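Novice: all I have is the shape, not the residue letters:
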């Protein structure tokens with residue numbers, strides 16, 4: 001009962017992360033020790049700062065599900081050693097073997113740890129677009145990781161998924177209904193969510209942010225992300241949300257800092273365009289309501305510039 005009260009309190013009033021918080025689990029390569037979000041669903045919450053040597057590249061959430069007939073890991077991890085550290089935590093909690101890894105997108109922090117899981121003989125699955133992204137940019141991701149993490153990147157190499165899917169992949173073992181879904185374009189190519197309908201829990205990946213500012217990449221089309229959110233993501237009506245970054249929370253929080261932020265930024269840039277403003281001026285549109293988010297300083301002006309470049313030709 002106490003555990004349930006604590007979880008409900010967390011979901012209603014999430015603890016804000018900070019880039020200044022030191023490594024929360026010094027005994028491990030992981031930034032923080034995995035926590036049980038609901039029964040049999042765990043997540044090791046990564047730093048909300050960019051990938052650094054100090055956080056060992058663990059700046060996203062590494063989740064896993066105990067199905068009763070094997071463990072499903074969500075995200076290969078940002079390096080070989082990081083995936084190995086996660087596996088050690090899993091083995092301390094269960095005798096169930098890891099049978100499947102699902103990459104939530106094609107970014108390095110989701111896929112560079114595939115090298116460890118492949119060496120363990122674990123099947124790796126991803127969306128077809130994520131696989132193409134990692135095939136095209138994996139070497140660049142690996143090089144960047146090696147430069148940042150130095151010896152902590154040891155063993156990491158580019159390993160592509162064993163299987164890809166386009167719309168839905170259903171985990172074929174265990175007692176839980178676990179669905180990997182591509183619900184539409186959002187943050188980056190091949191982004192998926194992992195949906196547990198019986199538990200009303202979604203491992204949302206990078207479709208949903210709340211403690212750190214979301215990044216808008218060159219290939220992030222914000223109007224498409226909003227359509228995916230409103231037409232598909234909201235329909236899940238999830239009770240529990242494990243985002244790609246930051247602590248487990250609820251739909252109200254991720255809506256406020258993802259959907260509402262995208263709408264707000266597009267409105268501000270739209271006003272700037274209507275006034276005849278240029279790209280340089282777009283960098284300085286008011287984003288102060290979101291200044292408390294981690295990575296605001298790194299991302300706010302870039303986000304505004306990219307939205308301007310998109311909306312200029314919409």
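Specialist: Looks like it came in fine. Keep in mind it's a predicted model, so treat the numbers as computed, not measured.

Novice: so what's the residue nearest to the spatial centre of the chain up against?
Specialist: For the chain, the residue nearest the mean C-alpha position is residue 244 (2.2 Å; Cα atoms, centre = their mean). For residue 244, the contact set (Cβ atoms under 8 Å, 6 or more residues apart in numbering) comprises 60, 61, 104, 187, 204, 205, 206, 207, 208, 209. (C-beta placed from N, C-alpha, C; glycine too.)

Novice: can you check residue 186 too?
Specialist: 206, 207, 220, 224, 225, 228, 229.

Novice: quick one, strands of the stretch 201-314 of the chain?
Specialist: Under the criterion DSSP state E, counting those that start in this stretch, the stretch 201-314 of the chain contains strands at 201-205, 240-243.

Novice: how far does the last one sit from the chain's center?
Specialist: By that I understand strand 240-243. 10 Å (Cα atoms, centre = their mean, to the nearest Å).

Novice: inside helices: which ones of the contacts of residue 244?
Specialist: Of these, none are assigned to helices by DSSP state H.

Novice: of all those, which comes closest to residue 284?
Specialist: Nearest to residue 284, judged by Cβ to Cβ, of the contacts of residue 244 is residue 209 at 22.3 Å.

Novice: from residue 146, how far out is that closest one?
Specialist: 27 Å (Cβ to Cβ, to the nearest Å).

Novice: which one of the two has more residues nearby?
Specialist: residue 209 (24 against 16; other Cβ atoms under 10 Å).

Novice: for that one, give me its contacts.
Specialist: By Cβ under 8 Å, 6+ apart, the contact list for residue 209 reads 243, 244, 245, 246, 254, 257, 258, 261.

Novice: hmm, 6 Å instead?
Specialist: If a contact means Cβ atoms under 6 Å, 6 or more residues apart in numbering, then residue 209 has 243, 257, 258 as its contacts.

Novice: quick check, pLDDT for it.
Specialist: On the pLDDT scale, residue 209 is placed at 98.

Novice: count the neighbours of the closest residue to it other than its chain neighbours for me.
Specialist: Among residues not flanking residue 209 along the chain, residue 258 sits closest, at 5.1 Å (Cβ to Cβ, 6 or more residues apart in numbering). A count of nearby residues for residue 258, using other Cβ under 10 Å, gives 24.

Novice: got a pLDDT number for residue 258?
Specialist: So, for residue 258, pLDDT stands at 98.

Novice: roughly how far apart are it and residue 176?
Specialist: Taking Cβ to Cβ, one finds residue 258 at 26 Å from residue 176.

Novice: low-confidence ranges in the stretch 101-250 of the chain?
Specialist: Within the stretch 101-250 of the chain, not a single segment meets pLDDT under 70.

Novice: helices along that one, start to end?
Specialist: 108-111, 114-119, 128-149, 222-228, 234-236 (DSSP state H, counting those that start in this stretch).

Novice: before we move on, the earlier item: now, of the contacts of residue 244, which are buried?
Specialist: Listed as buried from these are 60, 61, 104, 187, 204, 205, 206, 207, 208, 209; burial here means 16 or more other Cβ atoms under 10 Å.

Novice: from residue 34, how far out is the residue lying closest to residue 144 once chain neighbours are set aside?
Specialist: Distance criterion Cβ to Cβ, 6+ apart; nearest residue to residue 144, sequence neighbours excluded, is residue 108 at 6.9 Å. Per Cβ to Cβ, residue 108 is found 21 Å from residue 34.

Novice: higher neighbour count, those two?
Specialist: For residue 108 versus residue 34, neighbours defined as other Cβ under 10 Å are more numerous around residue 108 (26 against 21).

Novice: isn't that one right next to residue 143, touching?
Specialist: No. Taking Cβ atoms under 6 Å as the definition, residue 108 is not a contact partner of residue 143, at 9.8 Å.

Novice: run through the strands of the stretch 1-150 of the chain in chain order.
Specialist: Using DSSP E, counting those that start in this stretch, strands in the stretch 1-150 of the chain cover 35-38, 41-44, 62-66, 71-74, 98-102, 123-127.

Novice: of all those strands, which lies closest to residue 192?
Specialist: Checked against Cβ to Cβ, the stretch from the strands of the stretch 1-150 of the chain lying closest is strand 123-127, at 5.2 Å.

Novice: buried set for that closest one?
Specialist: For strand 123-127, by 16+ other Cβ under 10 Å, it's 124, 125, 126, 127.

Novice: any idea which of the residues you listed is closest to residue 167?
Specialist: Closest to residue 167, out of all of those and judged by Cβ to Cβ, is residue 127, at 9.0 Å.
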